[in-house]
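K.L.:
This is the structure alone, sequence omitted:
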């Protein structure tokens, strides 16, 4: 990923389908590595802790290079809530370090995204809103049971929007809604939405409770919980 040159208007995703998926996996790896590193540090094992920290920084550095907006924004949002929730249990110096690190992450993320769009040509950078609208229109046309699992890719051509600046006005077909939750609602309707709400209501509080670690999961489990929360937020876009 670091060595291969990117195509003219794409970020090189390596073996992944696109740069967004690559960034999601890297963010998961970074948070799990940080959690494991904290466990090693508490056990006095400095070498494995340093290796985990290096792996986490490498992952985040590649995400910066990729410039994936959704992954970076999700990581920042979850980190803000985590620091707010953890602040009362930490000494003042630790809180200052965490807020400072979060500020640096936000600044570097903004620079990374700006650099990405400065160097590449992305003719579709603002079309995602139109794709979301197409997904909403499809959901409204199939409100109860949806279009069927996997059917938006096959039947989404009915909701293709025009591209006035292109030679062929309907040259871009929406193969997905570019939102995990909207895709689920579009393909499974109200029934799927109720199931989704039930799943999130059961899952998110449990993940949030172990964000600071517990006797069973430890800091490694807390890192995994935060990684899953980032994935849930990332799924919005």
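P.N.:
Alright, I've got the coordinates. Predicted model, so just to flag it, every value in this text is computed and none were measured.

K.L.:
Not counting its own residues, what contacts the helix or strand encompassing residue 152?
P.N.:
Using DSSP states H and E, residue 152 sits in helix 151-155. Applying Cβ atoms under 8 Å, 6 or more residues apart in numbering, the external contacts of helix 151-155 come out as 135, 138, 147, 174-177, 183, 186-187. Heads up, the C-betas are built off the backbone N, CA and C, glycines and all.

K.L.:
What subset of the residues you listed is buried?
P.N.:
Taking 16 or more other Cβ atoms under 10 Å as the criterion, what is buried in the contacts of helix 151-155 is 135, 138, 147, 174, 177, 183, 186-187.

K.L.:
residues in contact with the helix or strand hosting residue 49?
P.N.:
Applying DSSP H and E as the criterion places residue 49 in helix 46-66. Residues outside helix 46-66 that contact it (Cβ under 8 Å, 6+ apart) are 1-2, 11, 13, 19, 22-23, 26-27, 29-31, 33-34, 36-38, 40-41, 71-72, 75, 105, 108-109, 112, 116.

K.L.:
C-terminal to that helix, what's the next element?
P.N.:
helix 69-86.

K.L.:
Show me what that next one is packed against.
P.N.:
When contacts are defined as 3 or more Cβ pairs under 8 Å, 6 or more residues apart in numbering; DSSP states H and E, helix 69-86 sits against helix 19-42, helix 46-66, helix 92-119, helix 218-234.

K.L.:
Report all helices and strands that the shortest one contacts.
P.N.:
Packed against helix 218-234 by the contact rule (3+ Cβ pairs under 8 Å, 6+ apart) you find helix 19-42, helix 69-86, helix 180-209.
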